[in-house]
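Participant: sharing a model that was predicted from the sequence below.
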Amino acid sequence: MLGDPFDRVRLKLTSYWESSGTWPGFIQALCRSLSPEFPRSDETSSTASRSVILPGLCCQAAGGNPIWADDVTAAWYLLYIANHLMDSVEDQDEPDAWWANSGPGAALGVATGLFFSATHVLNGLQDSPFTRHAAASIIEDFSQSFMHMAGGQYRDLTHPQLTLDQYWEVSTAKSGVFFALACRCGARLASDDPQLLAAYGSFGQQVGTLVQIRDDLQDLQPPQDAELPVWGRKMSHSLATVYALEVLPHEQRERLLKYLAVVPFDLQAVENALGLIDQSGAGLYFLVEMERHRNLGLAALERTSGQPLAIETLASFLNDLCKK
C-alpha cells in the first residue's frame with residue numbers, strides 16, 4: 001500500500017465534515033464514533049482496523065493503484081461504523097463510551113450522519129478520472145448489498161430461534177455480503193471482468209463469514225452478572241447455540257432451551273447452557289467451519305491470478321482470522 005490509508009481517509013472525512021457547515025458538536029460526535037473502530041494502523045492489529053486495507057489491496061491485486069480505492073474505503077468504513085451503531089441499539093448492547101451518557105438516540109443520529117457521509121463520498125467516485133469509469137456500478141453495488149444486509153438484520157431480529165441453515169443464510173446476508181462488497185468494489189476499479197470480480201467477492205464473503213464466526217466464539221466467554229441480559233440475547237442466536245440445538249438429543253435440547261430462557265437473569269443457567277453446548281461438539285464444529293471457509297477464500301484468491309504481493313497480503317489476512 002502507498003502511504004497510510006487511515007491518514008488519507010481521515011483527511012478526506014475531516015475535510016468534508018468541516019466544509020459541510022454542520023454543527024461543530026455533531027462533527028465532534030462523528031469523529032468520536034470512528035475513534036474506537038478506526039485507529040491508526042500502527043496502533044492496533046484488530047480485525048476492524050485491518051479491514052480498511054481490503055478495498056485498496058483488492059484494487060492493487062487486480063492491477064490498479066490502491067489509492068484509487070480511497071473513496072470506496074471511506075464509504076465502506078463509514079457504513080461499517082454506522083451499521084455497528086445500528087446493531088448496538090437494535091440488539092441493546094452495552095453502549096460505546098462516547099454515547100453511554102447521551103443515549104441511543106444520539107447513536108442513531110450519528111449513524112444517520114455517517115450514512116449520508118458515505119453517500120457523499122461514493123458520489124465523489126464520479127469526479128476522478130481514475131474512478132469515474134466504475135462509479136455507477138459501484139454505487140449500485142453498495143445500494144443492493146445494503147438492502148441484502150438490512151434484510152438479514154431484520155430476519156435475525158424477528159426470528160426468536162434460527163435453524164442452522166437459517167444461521168448461515170443470515171450470516172452471509174450480513175457479514176458475508178458486507179466484506180464481499182469491499183473486496184469486489186476495490187477490484188472493480190481495476191477490472192470489469194465478471195469472473196474476476198466474482199472471485200474477489202467470494203474471497204470477501206469468506207472473510208466476512210470468518211469475522212462472524214470469531215464474533216460468535218467470543219460469545220462463549222461467560223459474562224459478568226451485569227452483562228447477563230445482553231449476553232443472553234446474543235447467545236440465543238450464536239453459532240454455538242444454533243448448532244447445539246440442531247444436534248443434541250431431544251432431552252438435552254429441551255434442557256438447553258430451558259436454560260437459555262432464564263440466562264438473562266441466572267448465572268448458573270449460563271454455566272449449565274455452556275456445559276450442554278460443549279457436550280454438543282460445537283467447539284470442533286467451529287474449527288471445521290473456520291478451516292472450510294479459509295480454504296474457500298484461498299481458492300477464490302487463486303482464481304484471481306492477481307498481483308503476487310497483494311494476494312499474499314490478502315491470504316495472510318484470511319489466515320490470521322483462523323488463528324486462536
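Facilitator: Yep, that arrived.

Participant: for stretch 252-265, buried residues please.
Facilitator: Applying a neighbour-count criterion of 16 or more other Cβ atoms under 10 Å, one finds 253, 255-257, 259-260, 263-264 buried in stretch 252-265. For glycine as for every other residue, the C-beta is placed from the backbone atoms N, C-alpha and C.

Participant: same question for stretch 314-324.
Facilitator: When burial is assessed from 16+ other Cβ under 10 Å, stretch 314-324 yields the following buried residues: 314-315, 317-318, 321-322.

Participant: what stretches of the stretch 101-250 of the chain score poorly on pLDDT?
Facilitator: Scanning the stretch 101-250 of the chain with the threshold set as pLDDT under 70 gives 222-233.

Participant: ranges for the helices of it?
Facilitator: Applying DSSP state H, counting those that start in this stretch to the stretch 101-250 of the chain gives helices spanning 104-123, 132-158, 164-171, 177-188, 194-218, 228-236, 239-247, 250-262.

Participant: would you tell me which one of these is buried the most?
Facilitator: Each of the helices of the stretch 101-250 of the chain was given a mean neighbour count from mean count of other Cβ atoms under 10 Å, and the largest, a mean of 28, is that of helix 177-188.

Participant: can you list contacts of that helix?
Facilitator: If you take Cβ atoms under 8 Å, 6 or more residues apart in numbering as the criterion, helix 177-188 is touched by 51, 54-59, 61-62, 69, 72-73, 76, 79-80, 83, 134, 137-138, 141-142, 145, 148-149, 152, 196-198, 200-205, 207-208, 211, 304.

Participant: tell me how many other residues surround residue 64.
Facilitator: Counted with other Cβ atoms under 10 Å, the neighbours of residue 64 add up to 23.

Participant: I'd like the buried residues of stretch 252-265 as a markdown table, with pLDDT and distance to residue 162 appended.
Facilitator: Compiled in a markdown table, the buried residues of stretch 252-265 are given as follows (pLDDT from 0 to 100; distance: Cβ to Cβ, whole Å):
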| residue | pLDDT | distance to residue 162 |
| --- | --- | --- |
| 253 | 95 | 14 |
| 255 | 95 | 19 |
| 256 | 94 | 14 |
| 257 | 92 | 13 |
| 259 | 90 | 18 |
| 260 | 87 | 13 |
| 263 | 76 | 17 |
| 264 | 71 | 18 |
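
Participant: cheers, nothing more for now.
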